[in-house]
Structure formats: C-alpha cells, structure tokens
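Q: Show me how the following folds:
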Amino acid sequence: MRILFIGTGGIGVPALETLLRGHSVAGVITQPDKPAGRSQRLLASPIKELALRRGTPVFQPKRIREPAAVEQARSLRPDVIVVMAYGQILPGELLRVPAMACLNLHASLLPRHRGAAPIQAALSEGDARTGVTVMYIDEGLDTGDILLRKELPILRRDTAGSLHDRLALLAPAALADALALLQAGNAPREPQDAAAATYSPKLTRESGRVDWSAPQVQIERKIRAMNPWPAAHTVLGGRILKIFGAIGCRKCPGKPGEILRADKHGILVAAGEGGLLLRDIQLEGKKRMSARDFLLGHPVEPGAVL
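A: Next up, the predicted model:
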C-alpha cells in the first residue's frame with residue numbers, strides 16, 4: 001500500500017522502518033527542526049533523520065492544519081495515513097485524504113490514558129499492563145474506533161525510558177497486523193467506551209515535583225514514571241535534587257521528607273507512609289551519580305528535611 005507517515009518522536013522509528021521495508025512510503029511529515037542544548041543548534045527529529053537516510057521525501061509544516069500542508073498530503077495520494085507521536089491534532093480535512101484509512105498508533109490500551117503522556121500515566125498509576133492501540137483517527141483526542149491492541153506487561157523496574165523503548169518495538173507488529181487486515185478488507189472497528197476513558201496531560205517540569213507526604217508506593221512510581229524526563233525532583237539545601245532511582249521502605253518512621261540515614265547504601269527519606277532509599281540522583285549543577293558517590297563530596301546530616 002501507499003503510505004504517508006506522520007510522526008516526530010523516536011518511539012515511531014521502528015514503525016517507520018517497518019513501513020519502509022514492506023510498503024511504498026510516499027512521504028513523511030514531521031515537526032520542524034527545533035533548537036536544542038546550550039548552543040541552540042537546530043535538531044532534526046529521529047523520524048526525519050531516518051527518512052532522509054532512506055531517500056524518502058520529508059515535509060515539515062509549522063502547523064498541519066494549514067491548507068498548504070493538507071494539500072501537500074493530498075498530492076501524495078496515500079492509501080493509508082499512519083500517525084505516531086506527531087504532537088499535533090490532525091484536522092478533519094486531512095483525515096479524509098487517504099483512500100482507505102487514517103490510523104494512529106497510541107502507546108496505551110485505549111480508552112485508558114488518552115492524551116500526551118500515556119507511558120508516564122501507566123507507571124504512575126501502577127498499571128500491570130500496557131500496550132499499543134491502533135485506532136482510526138477522528139477529530140477528538142484519541143477517541144477514534146479501535147482497530148486492534150497489542151499488550152505487554154509492565155515490569156517491576158520499568159522506567160518511562162525503558163517502557164518507551166519496549167513499546168516502540170511492539171508498534172511494528174501492531175501496525176503490520178492492522179495494515180494486513182485493512183488490505184484484506186476485514187479490519188474491525190470497536191467503538192471506545194467513553195465511560196472507561198482516562199486522560200494523561202502533557203508533562204511539564206513541575207510534573208516531577210515530589211510530595212513527600214504521599215505514600216512511599218506513589219512516590220516510587222513517580223520516580224520511575226518521570227525517568228528520564230522531567231525527572232522526579234525535590235530540594236536539598238536550596239538546590240534541586242533529581243531522583244532517578246530509589247528502593248521503597250515500608251517501615252521508616254519520621255516526618256515526610258526527613259532524611260533518616262545517609263550512608264554507603266544511599267539516602268533514606270521518610271514519606272507519608274513508609275520511605276524511600278535514594279540510590280541514583282543528580283544535584284543541580286552536578287553530574288548524575290549514585291547516592292553513595294554523591295555523599296563522598298556532599299555529606300548529608302540525618303534530620304534535614306527535603
């Protein structure tokens with residue numbers, strides 16, 4: 001089939017690679033290059049880099065709702081539009097462009113965790129399973145009918161980074177099955193149960209702030225969900241302390257945020273219920289390191305409060 005791929009984030013790279021091997025990819029639409037780092041050098045998306053390496057035409061409209069962007073997509077005459085992690089909502093006019101269907105690959109088991117941060121939401125809420133949903137796009141936010149889902153278990157030590165990578169590798173199989181069903185003319189359409197829907201808003205730096213009055217289990221989930229970005233964080237001595245890894249402690253008497261112990265094993269902090277042993281941290285202006293190495297140069301006295 002003739003495919004137009006629309007995406008920006010790295011999670012879509014394996015899916016695009018699969019399309020490039022098995023279908024005719026007429027073009028790729030991705031977000032404009034963005035400044036990054038201290039130098040603010042323009043950085044291309046991983047999707048653009050792959051497409052250019054494979055000689056596939058790349059288009060980067062500032063807003064995909066612009067008439068020129070829609071017309072560009074129409075000129076490519078796609079049978080199917082495939083979207084994954086693009087970052088903008090497609091207009092109704094664009095949804096009517098493909099001859100067969102406009103599909104989105106979403107990194108959750110819809111209708112659970114609609115929205116911009118489904119991976120982080122699944123970890124924060126302690127879900128046992130997640131997956132990739134292939135759905136027909138409509139003009140709502142992840143509200144379209146479901147074509148199929150593929151699931152995987154969430155592992156005990158999964159972070160947003162590791163789960164992102166596992167879902168990226170699951171997406172090609174989900175997409176291949178969906179396209180085969182479309183081509184055979186027997187692709188299902190399952191309406192979403194709106195009553196079961198949840199929403200995961202876009203993350204900000206503030207999303208990682210740790211509330212030490214919360215139970216230990218909730219804080220530990222947040223630490224994994226915010227790793228690598230924006231990173232769970234607290235304040236130590238007036239400076240931001242990012243937390244990338246911690247071990248839960250069920251019985252750690254102390255007031256929320258109180259440092260109970262700081263030694264070669266890590267920094268033990270009391271929570272609203274239980275506590276956490278911080279193991280992998282980064283103080284503002286410093287490199288990321290183990291809590292043990294951090295304490296060699298930054299002694300922390302028990303009794304201090306984060």
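Q: helices and strands of the protein: which one has the lowest mean pLDDT?
A: Each helix and strand of the chain was given a mean pLDDT (mean pLDDT, DSSP states H and E); the minimum falls on strand 34-36 at a mean of 86.
Q: Tell me the strands beside that one, with direction?
A: strand 41-43 (antiparallel) (DSSP bridges).
Q: What distance do you get for the spatially closest residue to residue 106 that is not a sequence neighbour to residue 111?
A: Closest residue to residue 106 apart from its sequence neighbours, by Cβ to Cβ, 6 or more residues apart in numbering: residue 133 at 4.8 Å. From N, CA and C alone the C-beta is placed, and that goes for glycine too. Distance of residue 133 to residue 111, computed by Cβ to Cβ, to the nearest Å: 9 Å.
Q: contacting residues around residue 253?
A: Counting by Cβ atoms under 8 Å, 6 or more residues apart in numbering, residue 253 touches residue 270.
Q: rerun at 10 Å
A: Each residue near residue 253 by Cβ atoms under 10 Å, 6 or more residues apart in numbering is listed here: 260, 270, 274, 275.
Q: Could you do residue 294 as well?
A: 236, 241, 262, 266-267, 278, 280-283, 286-288, 300.
Q: ok, longest helix in the chain?
A: helix 160-184 (DSSP state H).
Q: What residues of it count as buried?
A: Of the residues in helix 160-184, 160, 162-164, 166-168, 170-172, 174-175, 178-179, 182 count as buried by neighbour count, 16 or more other Cβ atoms under 10 Å.
Q: Among the residues you listed, pick out the one closest to residue 231, please.
A: Comparing the buried residues of helix 160-184 against residue 231 with Cβ to Cβ places residue 160 closest, at 10.0 Å.
Q: which among the buried residues of helix 160-184 gets closest to residue 18?
A: Out of these, the member with the shortest distance to residue 18 (by Cβ to Cβ) is residue 172, at 3.9 Å.
Q: Tell me which two of the contacts of residue 294 sit farthest apart.
A: Across those (Cβ to Cβ), the longest gap, 18.8 Å, separates 262 and 287.
Q: do you know how far residue 95 is from residue 42?
A: Distance, residue 95 to residue 42, by Cβ to Cβ: 30 Å.
Q: the more surrounded of those two?
A: residue 95 (17 against 10; other Cβ atoms under 10 Å).
Q: give me every residue that touches the more buried one.
A: Residue 95 sits next to 70, 81, 101, 102, 136, 137, 138, 139, 144 when contact means Cβ under 10 Å, 6+ apart.
Q: pLDDT-wise, what's the bottom of those residues?
A: Lowest pLDDT within the contacts of residue 95 is found at residue 139 (91).
Q: What does that one show for phi and psi?
A: The phi/psi pair for residue 139 (degrees, to the nearest 10) reads phi -90, psi 0.
Q: Quick check: chain neighbours aside, which residue is closest to it?
A: Nearest non-adjacent residue to residue 139, counting by Cβ to Cβ, 6+ apart: residue 92, 5.1 Å away.
Q: And the one you found, how far from residue 253?
A: Distance of residue 92 to residue 253, computed by Cβ to Cβ: 58 Å.
Q: Over to residue 97?
A: Distance, residue 97 to residue 253, using Cβ to Cβ: 62 Å.
Q: any chance you could map the strands in the stretch 1-150 of the chain?
A: Using DSSP state E, counting those that start in this stretch, the strands assigned to the stretch 1-150 of the chain run over residues 2-7, 24-29, 34-36, 41-43, 58-59, 80-84, 101-106, 114-115, 129-136, 146-153.
Q: Give the buried residues for stretch 18-27.
A: Neighbour-count burial for stretch 18-27, with 16+ other Cβ under 10 Å as criterion, is recorded at 18, 19, 20, 23, 25, 26, 27.
Q: Make JSON lines from these and add distance to residue 206 and pLDDT to it.
A: As requested, the buried residues of stretch 18-27 are arranged in JSON lines below (distance: Cβ to Cβ, whole Å; pLDDT from 0 to 100):
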{"residue": "18", "distance to residue 206": "37", "pLDDT": "95"}
{"residue": "19", "distance to residue 206": "37", "pLDDT": "97"}
{"residue": "20", "distance to residue 206": "39", "pLDDT": "97"}
{"residue": "23", "distance to residue 206": "41", "pLDDT": "93"}
{"residue": "25", "distance to residue 206": "39", "pLDDT": "97"}
{"residue": "26", "distance to residue 206": "41", "pLDDT": "97"}
{"residue": "27", "distance to residue 206": "37", "pLDDT": "98"}
